[in-house]
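*Asks:* fold the following for me, if possible:
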Amino acid sequence: MSVTSKVALTLGANHMRLLYLIIATWFLMCPLGDARAENPTRDKCTCNLDPDDPPEDGAWVKNSAACWSTEVKEQNWCDIVVESLLGPQDLSTELLGFAASPSELVGVLHSKFDNFVSVSTFEGSIIDLSLAIDAVAARLKENEALLASCVTALANRKRGFFQDGEGGLTCRVSEASGWMRLEIPLEKARIAYMVAPPA
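*Replies:* Below is the predicted model of the structure:
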């Protein structure tokens, strides 16, 4: 074998090693399929009016642990009020503490809704949420058992849980993200409460 052939083989082997190194690095930095960063879903802190999941448009608050959203589909409009950011305080733990006492759980949710209304009233909202206080209170009260079941499903990481309630209220634990999403319909809008699973 000539010196030229040996050099060519050595260069070829070095190029192959370099190619393997580049491919391995690419797979480590850009994994495929389920290993990729999870897409936002409607059950996270999202502002998305259509039931596509993952959403094709809208907004997602990435560092949130809980939030409220007002959604008005007729006007193609929604907003997000962040209640809690990701961090050492796990908001879902607060809810989980009341899962065995539905009436107390409703009281906690009602107080959280009142705080949301206060923020939205101060910041401005496309609808008058103060008019929705009684309607939301009634929906929460008549769905005590459902809410307890939904929060228990969140605690047990029971992805895919879904239940319809009275007055159009629904609660689910997302199959994709594990987030709980509580939806309460109003006359021309929908209020959604979204909570991350326990850490």
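*Asks:* give the buried residues for the helix or strand harbouring residue 81.
*Replies:* Using DSSP states H and E, residue 81 sits within strand 77-85. Going by neighbour count (16 or more other C-beta atoms under 10 Å), the buried part of strand 77-85 is 78, 79, 80, 81, 83, 84. Heads up, the C-betas are built off the backbone N, CA and C, glycines and all.
*Asks:* next up, the contacts around the residue nearest to residue 60 when sequence neighbours are not counted.
*Replies:* Nearest residue to residue 60, sequence neighbours excluded (C-beta to C-beta, 6 or more residues apart in numbering): residue 40, at 3.8 Å. Residues near residue 40 by C-beta atoms under 8 Å, 6 or more residues apart in numbering: 46, 54, 55, 60, 62, 177.
*Asks:* please apply the same query to residue 105.
*Replies:* Counted by C-beta under 8 Å, 6+ apart, residue 105 has contacts 95, 98, 99, 144, 147, 148, 151.
*Asks:* give me the phi and psi for it.
*Replies:* phi -60, psi -40 (degrees, to the nearest 10).
*Asks:* burial check on the spatially closest residue to it that is not a sequence neighbour, number of neighbours?
*Replies:* In space, and not counting its chain neighbours, residue 105 is closest to residue 98: 4.0 Å by C-beta to C-beta, 6+ apart. Per other C-beta atoms under 10 Å, the neighbour tally for residue 98 reads 18.
*Asks:* let's verify residue 98: helix, strand, or coil?
*Replies:* coil (DSSP: H, G, I helix; E, B strand; the rest coil).
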